[in-house]
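Participant: What would the 3D arrangement of this be:
(one chain, ligands or ions: 2)
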Amino acid sequence: MHLSSVKDKTATAHRADIAALNYKMDSEPSFLRTLFSLILVSSLLDSVLSEVDACPDTKTGLESLLPSTMSIQNASIESVYGIMFDAGSTGTRIHIYSFTQKYSDQLPELEREIFESVKPGLSAYADLPEQGAETIRGLLEVAKNAVPSSHWRKTPVVLKATAGLRLLPEKKALALLSEVKDILEESPFLVPDNSVSIMNGTYEGILAWITVNFLTGQLYSQSKQTVGILDLGGASTQITFLPQSEETLEQSPLDFITSFKMFHTTYKLYTHSYLGLGLKAARLATLGALGTGAVDKQVFRSSCLPRNMESMWQFGGVSYRYGGIENGESGFKSCYAEVLRVVAGKLHRVDEMKESTFYAFSYYYDRAADTNLIDYDTGGILEVRDFERKAIEVTSGCARLFYFLFVITWKALLPVAHSSAWTSVTSLPY
Ligand SMILES: Nc1ccn([C@@H]2O[C@H](COP(=O)(O)OP(=O)(O)O)[C@@H](O)[C@H]2O)c(=O)n1
Ligand SMILES: [Ca+2]
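Facilitator: Ligands and ions are numbered 1, 2, ... in the order given. The predicted structure is shown next:
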(Lines give C-alpha, C1' and ligand atoms only; values in the text may rest on other atoms or scores of the structure.)
(Ligands and ions follow the chains in the order given, each with its own letter.)
Protein backbone atom coordinates (compact mmCIF):
# COMPACT_ATOMS: atom_id res chain seq x y z
CA MET A 1 0.00 0.00 0.00
CA HIS A 2 1.30 3.43 -0.84
CA LEU A 3 0.56 6.05 1.70
CA SER A 4 2.98 8.86 0.94
CA SER A 5 1.57 12.21 0.03
CA VAL A 6 2.26 14.15 -3.14
CA LYS A 7 4.63 16.42 -1.29
CA ASP A 8 6.67 13.54 0.14
CA LYS A 9 7.16 12.15 -3.29
CA THR A 10 8.38 15.34 -4.84
CA ALA A 11 12.06 15.25 -5.70
CA THR A 12 13.78 18.25 -4.22
CA ALA A 13 16.30 18.58 -7.03
CA HIS A 14 13.61 19.73 -9.39
CA ARG A 15 11.53 21.53 -6.87
CA ALA A 16 11.93 24.82 -8.68
CA ASP A 17 10.52 23.43 -11.91
CA ILE A 18 7.72 21.81 -10.03
CA ALA A 19 6.98 24.90 -8.02
CA ALA A 20 6.82 26.83 -11.24
CA LEU A 21 4.06 24.55 -12.38
CA ASN A 22 2.54 24.38 -8.99
CA TYR A 23 -0.05 27.05 -9.49
CA LYS A 24 -3.21 26.82 -7.56
CA MET A 25 -5.81 28.90 -9.26
CA ASP A 26 -8.99 29.82 -7.49
CA SER A 27 -11.58 28.95 -10.07
CA GLU A 28 -11.93 25.21 -10.54
CA PRO A 29 -10.07 22.17 -9.30
CA SER A 30 -7.47 21.64 -11.88
CA PHE A 31 -4.93 19.04 -12.45
CA LEU A 32 -5.03 19.03 -16.19
CA ARG A 33 -3.96 22.61 -16.04
CA THR A 34 -0.54 21.28 -15.19
CA LEU A 35 -0.80 18.93 -18.11
CA PHE A 36 -1.18 21.83 -20.44
CA SER A 37 1.55 23.69 -18.62
CA LEU A 38 3.72 20.77 -19.41
CA ILE A 39 2.84 20.86 -23.08
CA LEU A 40 4.12 24.38 -23.20
CA VAL A 41 7.04 23.82 -20.90
CA SER A 42 8.09 20.76 -22.84
CA SER A 43 7.96 22.79 -26.00
CA LEU A 44 10.83 24.66 -24.48
CA LEU A 45 12.68 21.51 -23.62
CA ASP A 46 14.43 20.79 -26.87
CA SER A 47 16.02 17.71 -25.46
CA VAL A 48 12.65 16.19 -24.74
CA LEU A 49 11.16 16.91 -28.09
CA SER A 50 14.02 15.79 -30.23
CA GLU A 51 13.90 12.37 -28.61
CA VAL A 52 10.21 11.65 -28.59
CA ASP A 53 9.30 8.96 -31.07
CA ALA A 54 5.96 8.69 -32.74
CA CYS A 55 3.28 6.63 -31.03
CA PRO A 56 2.50 3.48 -33.02
CA ASP A 57 -1.04 4.56 -33.75
CA THR A 58 -0.24 8.08 -34.77
CA LYS A 59 1.72 9.51 -37.62
CA THR A 60 3.22 12.46 -35.84
CA GLY A 61 5.29 12.80 -32.72
CA LEU A 62 4.56 14.65 -29.54
CA GLU A 63 6.11 17.76 -31.00
CA SER A 64 3.18 18.11 -33.37
CA LEU A 65 1.22 19.30 -30.38
CA LEU A 66 3.47 22.22 -29.95
CA PRO A 67 3.81 25.42 -31.86
CA SER A 68 7.14 25.36 -33.64
CA THR A 69 7.70 28.94 -32.61
CA MET A 70 7.86 27.91 -28.97
CA SER A 71 11.43 26.73 -29.08
CA ILE A 72 14.18 27.62 -26.68
CA GLN A 73 15.95 29.65 -29.34
CA ASN A 74 13.14 32.17 -29.29
CA ALA A 75 13.36 32.76 -25.60
CA SER A 76 15.11 35.94 -24.59
CA ILE A 77 15.88 37.73 -21.37
CA GLU A 78 12.45 39.27 -21.45
CA SER A 79 9.25 37.34 -20.88
CA VAL A 80 7.87 35.12 -23.61
CA TYR A 81 4.22 34.14 -23.67
CA GLY A 82 2.17 31.18 -24.82
CA ILE A 83 -1.59 30.64 -24.96
CA MET A 84 -3.13 27.19 -24.73
CA PHE A 85 -6.82 26.27 -24.98
CA ASP A 86 -8.06 22.99 -23.51
CA ALA A 87 -11.38 22.36 -25.26
CA GLY A 88 -12.84 19.65 -23.02
CA SER A 89 -16.24 18.01 -23.21
CA THR A 90 -17.61 19.98 -20.25
CA GLY A 91 -15.86 23.30 -20.74
CA THR A 92 -13.25 25.32 -22.58
CA ARG A 93 -10.25 26.62 -20.64
CA ILE A 94 -7.55 29.08 -21.51
CA HIS A 95 -4.06 28.96 -20.01
CA ILE A 96 -1.85 31.97 -20.56
CA TYR A 97 1.76 31.38 -19.62
CA SER A 98 4.72 33.66 -19.33
CA PHE A 99 8.27 32.37 -19.20
CA THR A 100 11.58 34.04 -18.52
CA GLN A 101 15.05 32.91 -19.35
CA LYS A 102 17.78 34.53 -17.32
CA TYR A 103 20.79 32.81 -18.87
CA SER A 104 21.05 31.49 -22.40
CA ASP A 105 22.32 28.08 -21.28
CA GLN A 106 19.42 27.55 -18.90
CA LEU A 107 15.88 26.46 -19.53
CA PRO A 108 13.28 29.17 -19.35
CA GLU A 109 11.27 29.25 -16.17
CA LEU A 110 7.53 29.37 -16.00
CA GLU A 111 6.88 32.75 -14.47
CA ARG A 112 3.14 33.01 -14.34
CA GLU A 113 -0.05 31.30 -15.45
CA ILE A 114 -3.41 32.92 -15.92
CA PHE A 115 -6.40 30.62 -16.16
CA GLU A 116 -9.99 31.20 -17.17
CA SER A 117 -12.75 28.85 -18.24
CA VAL A 118 -16.24 28.80 -19.72
CA LYS A 119 -19.00 26.23 -19.74
CA PRO A 120 -20.38 24.43 -21.66
CA GLY A 121 -17.67 23.06 -23.93
CA LEU A 122 -17.48 23.48 -27.70
CA SER A 123 -19.30 20.20 -28.35
CA ALA A 124 -22.45 21.74 -26.87
CA TYR A 125 -22.51 23.95 -29.98
CA ALA A 126 -22.43 21.08 -32.47
CA ASP A 127 -25.21 22.70 -34.51
CA LEU A 128 -24.17 26.29 -33.84
CA PRO A 129 -20.46 26.37 -34.69
CA GLU A 130 -20.31 30.16 -34.96
CA GLN A 131 -21.84 30.58 -31.54
CA GLY A 132 -19.44 27.99 -30.12
CA ALA A 133 -16.47 29.84 -31.54
CA GLU A 134 -17.68 33.05 -29.91
CA THR A 135 -16.89 31.48 -26.52
CA ILE A 136 -13.25 31.48 -27.65
CA ARG A 137 -13.43 35.16 -28.50
CA GLY A 138 -14.38 35.95 -24.91
CA LEU A 139 -11.45 33.98 -23.55
CA LEU A 140 -9.08 35.67 -26.00
CA GLU A 141 -10.00 38.97 -24.38
CA VAL A 142 -8.52 37.61 -21.16
CA ALA A 143 -5.32 36.84 -23.09
CA LYS A 144 -5.24 40.34 -24.55
CA ASN A 145 -5.32 41.78 -21.05
CA ALA A 146 -2.67 39.38 -19.80
CA VAL A 147 -0.11 39.68 -22.61
CA PRO A 148 1.46 43.11 -23.27
CA SER A 149 0.34 44.36 -26.69
CA SER A 150 3.98 44.59 -27.81
CA HIS A 151 4.12 40.75 -27.52
CA TRP A 152 0.81 39.85 -29.16
CA ARG A 153 2.21 39.16 -32.63
CA LYS A 154 4.86 36.76 -31.37
CA THR A 155 2.70 34.94 -28.83
CA PRO A 156 1.49 31.59 -30.20
CA VAL A 157 -2.02 30.39 -29.52
CA VAL A 158 -3.00 26.70 -29.71
CA LEU A 159 -6.29 24.88 -29.10
CA LYS A 160 -6.52 21.15 -28.43
CA ALA A 161 -9.93 19.55 -28.22
CA THR A 162 -10.55 16.27 -26.41
CA ALA A 163 -13.33 13.69 -26.21
CA GLY A 164 -16.35 15.98 -26.64
CA LEU A 165 -15.30 16.72 -30.20
CA ARG A 166 -14.05 13.19 -30.81
CA LEU A 167 -17.59 11.97 -30.17
CA LEU A 168 -19.21 14.37 -32.62
CA PRO A 169 -19.78 13.45 -36.27
CA GLU A 170 -16.62 14.51 -38.13
CA LYS A 171 -18.41 17.15 -40.17
CA LYS A 172 -19.73 18.95 -37.11
CA ALA A 173 -16.40 18.77 -35.30
CA LEU A 174 -14.57 20.17 -38.33
CA ALA A 175 -17.10 22.99 -38.71
CA LEU A 176 -16.49 23.97 -35.08
CA LEU A 177 -12.72 23.82 -35.44
CA SER A 178 -12.85 25.88 -38.60
CA GLU A 179 -14.91 28.62 -36.91
CA VAL A 180 -12.52 28.57 -33.98
CA LYS A 181 -9.55 28.91 -36.31
CA ASP A 182 -11.19 31.95 -37.92
CA ILE A 183 -11.63 33.57 -34.51
CA LEU A 184 -7.99 32.90 -33.61
CA GLU A 185 -6.86 34.36 -36.90
CA GLU A 186 -8.85 37.50 -36.25
CA SER A 187 -6.96 37.90 -32.98
CA PRO A 188 -3.64 39.72 -32.79
CA PHE A 189 -1.82 36.54 -31.69
CA LEU A 190 0.40 34.21 -33.68
CA VAL A 191 -1.56 31.24 -35.06
CA PRO A 192 0.86 28.46 -36.07
CA ASP A 193 -0.10 25.75 -38.61
CA ASN A 194 -2.27 23.02 -37.11
CA SER A 195 -2.88 25.17 -34.11
CA VAL A 196 -6.52 24.04 -33.82
CA SER A 197 -7.11 20.30 -33.69
CA ILE A 198 -8.50 17.32 -31.84
CA MET A 199 -5.92 15.70 -29.59
CA ASN A 200 -5.53 11.98 -29.98
CA GLY A 201 -6.58 9.94 -26.89
CA THR A 202 -3.19 8.22 -26.74
CA TYR A 203 -1.42 11.58 -26.44
CA GLU A 204 -3.88 12.69 -23.82
CA GLY A 205 -2.96 9.67 -21.70
CA ILE A 206 0.78 9.99 -22.31
CA LEU A 207 0.85 13.71 -21.53
CA ALA A 208 -1.00 13.20 -18.29
CA TRP A 209 1.43 10.43 -17.34
CA ILE A 210 4.45 12.62 -18.12
CA THR A 211 2.91 15.49 -16.18
CA VAL A 212 2.17 13.50 -13.05
CA ASN A 213 5.55 11.78 -13.04
CA PHE A 214 7.27 15.08 -13.71
CA LEU A 215 5.44 16.75 -10.85
CA THR A 216 6.11 13.89 -8.46
CA GLY A 217 9.79 13.83 -9.40
CA GLN A 218 9.73 10.28 -10.78
CA LEU A 219 11.12 11.22 -14.16
CA TYR A 220 14.32 12.45 -12.57
CA SER A 221 14.73 9.89 -9.82
CA GLN A 222 17.20 7.05 -10.21
CA SER A 223 14.67 4.49 -9.11
CA LYS A 224 12.25 5.26 -11.94
CA GLN A 225 9.38 4.21 -9.70
CA THR A 226 6.77 5.83 -11.87
CA VAL A 227 3.10 6.08 -11.00
CA GLY A 228 0.15 5.40 -13.26
CA ILE A 229 -2.61 7.87 -14.04
CA LEU A 230 -6.38 7.62 -14.18
CA ASP A 231 -8.10 10.62 -15.74
CA LEU A 232 -11.90 10.55 -15.69
CA GLY A 233 -13.10 13.29 -18.03
CA GLY A 234 -16.66 14.03 -19.09
CA ALA A 235 -16.56 12.07 -22.35
CA SER A 236 -13.51 9.80 -22.15
CA THR A 237 -11.33 8.23 -19.52
CA GLN A 238 -7.61 7.53 -19.80
CA ILE A 239 -5.47 4.96 -18.06
CA THR A 240 -1.67 5.03 -18.46
CA PHE A 241 1.11 3.27 -16.57
CA LEU A 242 4.57 1.82 -17.07
CA PRO A 243 4.23 -1.99 -17.05
CA GLN A 244 6.79 -3.88 -15.00
CA SER A 245 5.75 -7.31 -16.15
CA GLU A 246 6.50 -8.90 -19.52
CA GLU A 247 3.11 -10.55 -19.31
CA THR A 248 1.37 -7.19 -19.47
CA LEU A 249 3.32 -6.20 -22.56
CA GLU A 250 2.62 -9.53 -24.25
CA GLN A 251 -1.04 -9.82 -23.34
CA SER A 252 -2.20 -6.28 -24.00
CA PRO A 253 -3.77 -5.28 -27.32
CA LEU A 254 -1.04 -3.88 -29.57
CA ASP A 255 -2.49 -0.40 -29.67
CA PHE A 256 -2.43 -0.18 -25.85
CA ILE A 257 1.37 -0.17 -25.82
CA THR A 258 3.30 2.92 -26.85
CA SER A 259 7.05 3.62 -26.77
CA PHE A 260 8.74 6.95 -26.61
CA LYS A 261 12.08 8.31 -25.57
CA MET A 262 12.48 11.15 -23.12
CA PHE A 263 15.42 12.34 -21.02
CA HIS A 264 17.56 9.58 -22.61
CA THR A 265 15.22 6.86 -21.40
CA THR A 266 12.83 4.78 -23.49
CA TYR A 267 9.46 4.30 -21.89
CA LYS A 268 7.11 1.57 -23.02
CA LEU A 269 3.76 2.63 -21.65
CA TYR A 270 0.41 0.94 -21.38
CA THR A 271 -2.10 3.60 -22.34
CA HIS A 272 -5.69 3.65 -23.46
CA SER A 273 -8.44 6.22 -23.79
CA TYR A 274 -11.95 4.80 -23.46
CA LEU A 275 -14.04 7.07 -25.64
CA GLY A 276 -17.61 7.38 -24.40
CA LEU A 277 -16.74 6.17 -20.91
CA GLY A 278 -16.09 9.57 -19.38
CA LEU A 279 -18.33 10.25 -16.43
CA LYS A 280 -21.05 12.10 -18.29
CA ALA A 281 -21.04 10.05 -21.47
CA ALA A 282 -21.18 6.85 -19.41
CA ARG A 283 -24.07 8.28 -17.45
CA LEU A 284 -25.94 8.93 -20.68
CA ALA A 285 -25.19 5.40 -21.84
CA THR A 286 -26.50 3.99 -18.56
CA LEU A 287 -29.69 5.96 -19.05
CA GLY A 288 -29.92 4.59 -22.60
CA ALA A 289 -29.73 8.16 -23.89
CA LEU A 290 -26.30 8.24 -25.54
CA GLY A 291 -26.60 9.25 -29.17
CA THR A 292 -30.36 9.74 -29.05
CA GLY A 293 -30.14 13.51 -29.48
CA ALA A 294 -32.85 15.82 -28.21
CA VAL A 295 -35.93 13.79 -27.38
CA ASP A 296 -38.52 16.16 -26.05
CA LYS A 297 -40.92 14.08 -24.11
CA GLN A 298 -38.95 10.95 -23.43
CA VAL A 299 -37.86 10.36 -19.86
CA PHE A 300 -34.76 8.21 -19.57
CA ARG A 301 -35.07 5.96 -16.57
CA SER A 302 -32.56 4.11 -14.47
CA SER A 303 -32.56 2.05 -11.30
CA CYS A 304 -29.58 4.20 -10.31
CA LEU A 305 -32.03 6.94 -9.35
CA PRO A 306 -34.62 7.13 -6.59
CA ARG A 307 -37.97 5.72 -7.80
CA ASN A 308 -39.95 8.94 -7.60
CA MET A 309 -37.30 11.26 -8.91
CA GLU A 310 -37.60 13.16 -12.21
CA SER A 311 -35.43 15.99 -13.46
CA MET A 312 -33.65 17.61 -16.41
CA TRP A 313 -29.97 17.46 -17.28
CA GLN A 314 -27.88 18.97 -20.06
CA PHE A 315 -24.84 17.51 -21.73
CA GLY A 316 -23.27 18.36 -25.09
CA GLY A 317 -25.92 21.00 -25.74
CA VAL A 318 -28.79 18.50 -25.42
CA SER A 319 -31.37 18.52 -22.61
CA TYR A 320 -32.40 15.17 -21.23
CA ARG A 321 -35.27 14.31 -18.94
CA TYR A 322 -34.34 11.52 -16.61
CA GLY A 323 -35.75 9.78 -13.59
CA GLY A 324 -36.04 6.66 -11.46
CA ILE A 325 -38.15 3.62 -12.32
CA GLU A 326 -41.50 4.10 -10.59
CA ASN A 327 -42.61 0.90 -8.90
CA GLY A 328 -39.44 -0.69 -10.24
CA GLU A 329 -36.00 -1.50 -9.03
CA SER A 330 -33.72 0.99 -7.35
CA GLY A 331 -30.50 0.75 -5.38
CA PHE A 332 -26.95 -0.48 -5.52
CA LYS A 333 -27.42 -4.00 -6.85
CA SER A 334 -29.61 -3.20 -9.84
CA CYS A 335 -27.73 0.01 -10.59
CA TYR A 336 -24.42 -1.81 -10.58
CA ALA A 337 -25.82 -4.40 -12.99
CA GLU A 338 -26.99 -1.59 -15.28
CA VAL A 339 -23.58 0.05 -15.31
CA LEU A 340 -21.84 -3.27 -15.91
CA ARG A 341 -23.97 -3.77 -19.01
CA VAL A 342 -22.66 -0.45 -20.35
CA VAL A 343 -19.03 -1.43 -19.92
CA ALA A 344 -19.44 -5.14 -20.76
CA GLY A 345 -16.76 -6.36 -23.14
CA LYS A 346 -15.15 -2.95 -23.34
CA LEU A 347 -12.62 -2.99 -20.53
CA HIS A 348 -9.16 -4.46 -20.66
CA ARG A 349 -7.85 -5.51 -17.27
CA VAL A 350 -4.26 -6.02 -16.28
CA ASP A 351 -3.22 -8.15 -13.32
CA GLU A 352 -0.20 -6.11 -12.33
CA MET A 353 -2.36 -3.05 -11.70
CA LYS A 354 -3.41 -4.62 -8.42
CA GLU A 355 0.07 -3.90 -7.09
CA SER A 356 0.54 -0.48 -8.66
CA THR A 357 0.08 3.09 -7.51
CA PHE A 358 -2.12 5.37 -9.57
CA TYR A 359 -2.85 9.06 -9.36
CA ALA A 360 -6.52 9.57 -10.10
CA PHE A 361 -7.81 12.99 -11.03
CA SER A 362 -10.54 14.99 -12.84
CA TYR A 363 -13.92 13.48 -11.89
CA TYR A 364 -12.27 10.86 -9.69
CA TYR A 365 -11.00 13.76 -7.67
CA ASP A 366 -14.15 15.89 -7.83
CA ARG A 367 -16.52 13.13 -6.80
CA ALA A 368 -14.22 11.80 -4.09
CA ALA A 369 -14.06 15.31 -2.66
CA ASP A 370 -17.83 15.84 -3.05
CA THR A 371 -18.58 12.71 -1.06
CA ASN A 372 -15.95 13.42 1.61
CA LEU A 373 -13.79 10.48 0.63
CA ILE A 374 -10.90 12.93 0.39
CA ASP A 375 -10.27 16.46 1.50
CA TYR A 376 -11.03 19.00 -1.20
CA ASP A 377 -7.79 20.92 -0.69
CA THR A 378 -5.30 18.25 0.19
CA GLY A 379 -6.58 15.23 -1.75
CA GLY A 380 -5.94 11.82 -0.24
CA ILE A 381 -5.18 8.19 -0.76
CA LEU A 382 -7.86 5.67 -1.61
CA GLU A 383 -8.35 2.11 -2.61
CA VAL A 384 -10.85 0.93 -5.17
CA ARG A 385 -12.90 -0.62 -2.39
CA ASP A 386 -13.34 2.85 -0.83
CA PHE A 387 -15.26 3.88 -3.93
CA GLU A 388 -17.32 0.72 -3.66
CA ARG A 389 -18.14 1.35 0.00
CA LYS A 390 -19.18 4.89 -0.81
CA ALA A 391 -21.35 3.67 -3.68
CA ILE A 392 -23.19 1.29 -1.37
CA GLU A 393 -23.50 3.97 1.27
CA VAL A 394 -25.03 6.61 -0.97
CA THR A 395 -27.39 4.22 -2.71
CA SER A 396 -28.82 2.93 0.55
CA GLY A 397 -30.21 6.35 1.52
CA CYS A 398 -33.42 7.87 0.18
CA ALA A 399 -33.21 10.83 -2.20
CA ARG A 400 -29.75 10.54 -3.65
CA LEU A 401 -30.08 12.35 -6.93
CA PHE A 402 -27.38 11.52 -9.38
CA TYR A 403 -24.69 10.90 -6.88
CA PHE A 404 -24.98 7.26 -6.83
CA LEU A 405 -24.80 6.99 -10.55
CA PHE A 406 -21.55 8.88 -10.31
CA VAL A 407 -20.24 6.59 -7.69
CA ILE A 408 -21.25 3.46 -9.47
CA THR A 409 -19.76 4.80 -12.64
CA TRP A 410 -16.44 5.24 -10.96
CA LYS A 411 -16.39 1.75 -9.74
CA ALA A 412 -17.49 0.08 -12.90
CA LEU A 413 -15.19 2.10 -15.06
CA LEU A 414 -12.10 1.18 -13.14
CA PRO A 415 -10.62 -1.61 -15.16
CA VAL A 416 -9.61 -3.31 -11.94
CA ALA A 417 -13.01 -3.04 -10.36
CA HIS A 418 -12.79 -6.43 -8.67
CA SER A 419 -9.44 -5.87 -7.08
CA SER A 420 -9.66 -4.77 -3.51
CA ALA A 421 -5.90 -4.90 -3.07
CA TRP A 422 -5.23 -2.26 -5.64
CA THR A 423 -4.35 1.15 -4.28
CA SER A 424 -5.15 4.40 -5.92
CA VAL A 425 -3.82 7.74 -4.90
CA THR A 426 -6.15 10.60 -5.46
CA SER A 427 -3.86 13.50 -5.86
CA LEU A 428 -4.03 17.10 -4.89
CA PRO A 429 -4.85 19.35 -7.82
CA TYR A 430 -1.96 21.72 -8.20
N1 LIG B 1 -7.99 22.41 -16.16
C2 LIG B 1 -8.79 21.41 -15.85
C3 LIG B 1 -9.86 21.09 -16.69
C4 LIG B 1 -10.70 20.05 -16.34
N5 LIG B 1 -10.50 19.35 -15.20
C6 LIG B 1 -11.41 18.29 -14.78
O7 LIG B 1 -11.79 17.48 -15.89
C8 LIG B 1 -13.14 17.02 -15.72
C9 LIG B 1 -13.96 17.40 -16.93
O10 LIG B 1 -13.45 16.75 -18.04
P11 LIG B 1 -13.37 17.45 -19.47
O12 LIG B 1 -14.41 18.50 -19.62
O13 LIG B 1 -11.96 17.89 -19.70
O14 LIG B 1 -13.79 16.25 -20.40
P15 LIG B 1 -12.93 15.39 -21.47
O16 LIG B 1 -12.96 16.16 -22.74
O17 LIG B 1 -11.53 15.27 -20.89
O18 LIG B 1 -13.65 14.07 -21.53
C19 LIG B 1 -13.67 17.69 -14.43
O20 LIG B 1 -13.48 16.76 -13.37
C21 LIG B 1 -12.73 18.87 -14.27
O22 LIG B 1 -12.61 19.27 -12.89
C23 LIG B 1 -9.42 19.66 -14.40
O24 LIG B 1 -9.22 19.01 -13.37
N25 LIG B 1 -8.58 20.70 -14.72
CA1 LIG C 1 -10.06 16.72 -20.02
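Participant: Ramachandran angles for whichever residue of the stretch 251-400 of the chain sits closest to ligand 2?
Facilitator: The minimum distance from the stretch 251-400 of the chain to ligand 2, using C-beta to the ion, falls at Ser362 (6.2 Å). (C-beta placed from N, C-alpha, C; glycine too.) Ser362 adopts backbone torsions of phi 60, psi -130, taken as degrees, to the nearest 10.
Participant: same thing with Phe189?
Facilitator: Here is the backbone geometry of Phe189 (degrees, to the nearest 10): phi -90, psi 170.
Participant: and it, what does it touch?
Facilitator: If you count contacts by C-beta atoms under 8 Å, 6 or more residues apart in numbering, Phe189 has them with 83, 140, 143, 147, 152-153, 155-157.
Participant: per-residue confidence for it?
Facilitator: At Phe189, the pLDDT value in this model is 96.
Participant: can you check Gly201 too?
Facilitator: With respect to pLDDT, Gly201 scores 93.
Participant: just the helices in this structure please.
Facilitator: Taking DSSP state H, the helices of the chain run over residues 6-9, 15-21, 32-43, 46-51, 129-146, 163-167, 170-186, 201-215, 246-251, 279-287, 332-343, 363-370, 384-395, 403-413.
Participant: Just send those back as a markdown table, with mean neighbour count too.
Facilitator: Putting these into a markdown table (neighbours: other C-beta atoms under 10 Å) gives the following:
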| stretch | mean neighbour count |
| --- | --- |
| helix 6-9 | 14 |
| helix 15-21 | 16 |
| helix 32-43 | 24 |
| helix 46-51 | 15 |
| helix 129-146 | 17 |
| helix 163-167 | 26 |
| helix 170-186 | 17 |
| helix 201-215 | 25 |
| helix 246-251 | 12 |
| helix 279-287 | 24 |
| helix 332-343 | 18 |
| helix 363-370 | 21 |
| helix 384-395 | 20 |
| helix 403-413 | 26 |
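Participant: what about the ones you listed, which gets the closest to Asn194?
Facilitator: Of all those, helix 170-186 sits nearest to Asn194, with 9.9 Å by C-beta to C-beta.
Participant: now for the helices of the chain, which one comes closest to Trp313?
Facilitator: helix 279-287 (8.4 Å).
Participant: In the stretch 101-250 of the chain, what residue lies closest to ligand 2?
Facilitator: Gly233 (4.0 Å).
Participant: Based on its surroundings, how many neighbours for that residue?
Facilitator: 24 (other C-beta atoms under 10 Å).
Participant: residues in contact with the nearest residue to it once chain neighbours are set aside?
Facilitator: Leaving aside its chain neighbours, Gly233 sits nearest to Gly278 (4.4 Å; criterion: C-beta to C-beta, 6 or more residues apart in numbering). With contact set as C-beta under 8 Å, 6+ apart, Gly278 has these partners: 89, 163, 232-237, 363.
Participant: Turn these into JSON lines, including distance to Asn194 and pLDDT.
Facilitator: Formatted as JSON lines, those follow (distance: C-beta to C-beta, whole Å; pLDDT from 0 to 100):
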{"residue": "Ser89", "distance to Asn194": "21", "pLDDT": "95"}
{"residue": "Ala163", "distance to Asn194": "19", "pLDDT": "95"}
{"residue": "Leu232", "distance to Asn194": "28", "pLDDT": "87"}
{"residue": "Gly233", "distance to Asn194": "22", "pLDDT": "90"}
{"residue": "Gly234", "distance to Asn194": "25", "pLDDT": "90"}
{"residue": "Ala235", "distance to Asn194": "22", "pLDDT": "92"}
{"residue": "Ser236", "distance to Asn194": "21", "pLDDT": "92"}
{"residue": "Thr237", "distance to Asn194": "26", "pLDDT": "91"}
{"residue": "Tyr363", "distance to Asn194": "29", "pLDDT": "84"}
